[in-house]
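> Pasting the sequence and the predicted model now:
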Amino acid sequence: MKKTGRAIILCAIVSLLLPFAPQPAEAGIIKSIVLYLPNRVFDVLDIVRLRLRIGPGLSAGVSATEAADVFIGSHTSIYAGLRGSRGKPQIPWPCGVENRSGAELSVIDETQSNVYSDPLGCGAQAQVGIIGLNVMFNLYDMLDLLTGFALIDIAKDDF
């Protein structure tokens with residue numbers, strides 16, 4: 001019983017002191033200056049998705065923002081081209097693996113996918129047999145580029 005009481009007191013003391021513990025330093029302005037140009041280049045590359053896909057599948061979809069989109073089917077393919085919207089800090093390599101399966105109608109999304117989609121994106125995609133295409137214009141990423149010139153990262157995808 002004494003050990004339990006001591007553990008509770010110790011936990012209470014640690015909880016009270018936790019807000020005063022040293023926090024890791026933010027890289028701040030130096031990091032922003034060093035990575036300014038690469039982040040703007042990546043923001044430009046985020047605006048358009050243009051992928052040629054090769055791999056098995058049968059799928060189709062169109063999108064005019066997240067509120068007005070439809071998708072049905074399944075595909076797993078490798079792609080080459082412009083990656084488009086990243087959604088998080090990562091290098092936009094011009095090739096990779098894309099997969100998506102399920103159905104989506106507006107905000108009812110029952111798909112599984114490894115592709116991030118801009119919520120304000122407009123475009124189309126199709127996969128027939130082993131050939132596919134994904135084209136999208138990402139309006140939110142265009143706004144992210146414009147605000148990025150003032151070091152404001154609304155998409156939270158800058159390094």
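Now that the structure is in, tell me what you want to look at. Numbering: from 1, shown residues only.
> and stretch 148-155, which residues are buried?
Using 16 or more other Cβ atoms under 10 Å as the test for burial, stretch 148-155 gives 148, 153, 155. (C-beta placed from N, C-alpha, C; glycine too.)
> Looking at these, which is nearest C122?
Using Cβ to Cβ, the shortest approach to C122 within the buried residues of stretch 148-155 belongs to A155, at 16.5 Å.
> tell me the contacts of the closest one?
43, 46, 85-87, 140-141, 144 (Cβ atoms under 8 Å, 6 or more residues apart in numbering).
> Just among those residues, which is most surrounded?
Counting neighbours by other Cβ atoms under 10 Å, D141 leads those with 29 neighbours.
> Dump the buried residues of stretch 148-155 to JSON lines, plus pLDDT.
Listed next are the buried residues of stretch 148-155 as JSON lines, based on pLDDT from 0 to 100:
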{"residue": "G148", "pLDDT": "92"}
{"residue": "D153", "pLDDT": "90"}
{"residue": "A155", "pLDDT": "91"}
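> Sketch out the low-pLDDT regions of this structure for me.
1-5, 7, 10-12, 14-27 (pLDDT under 70).
> so the residue nearest to the spatial centre of the chain, which of the three states?
Closest residue to the average C-alpha location of the chain: G87 at 1.9 Å, with Cα atoms, centre = their mean. Counting by DSSP: H, G, I helix; E, B strand; the rest coil, the backbone at G87 sits in coil.
> Do I have it right that it meets Y116?
Yes: here G87 reaches Y116: they are 3.3 Å apart, a contact under Cβ atoms under 8 Å.
> circling back to that earlier point, which two of the contacts of A155 have the greatest separation?
Pairwise distances across the contacts of A155 peak at 12.6 Å for D43 and G87 (criterion: Cβ to Cβ).
> Overlap in contacts, these two.
Shared contacts of D43 and G87, defined by Cβ under 8 Å, 6+ apart, are found at 155, 157.
> in the chain, which spans are helices?
Using DSSP state H, the helices of the chain run over residues 2-17, 28-34, 36-46, 139-148.
> Deepest in the core, which of the ones you listed is it.
With neighbours taken as mean count of other Cβ atoms under 10 Å, those reach their highest mean count in helix 139-148, at a mean of 19.
> what's that helix in contact with?
39-40, 43-44, 46-47, 84-85, 118-122, 153-155, 157-158.
> at 6 Å instead, please
40, 43, 46-47, 85, 118-120, 154-155 (Cβ atoms under 6 Å, 6 or more residues apart in numbering).
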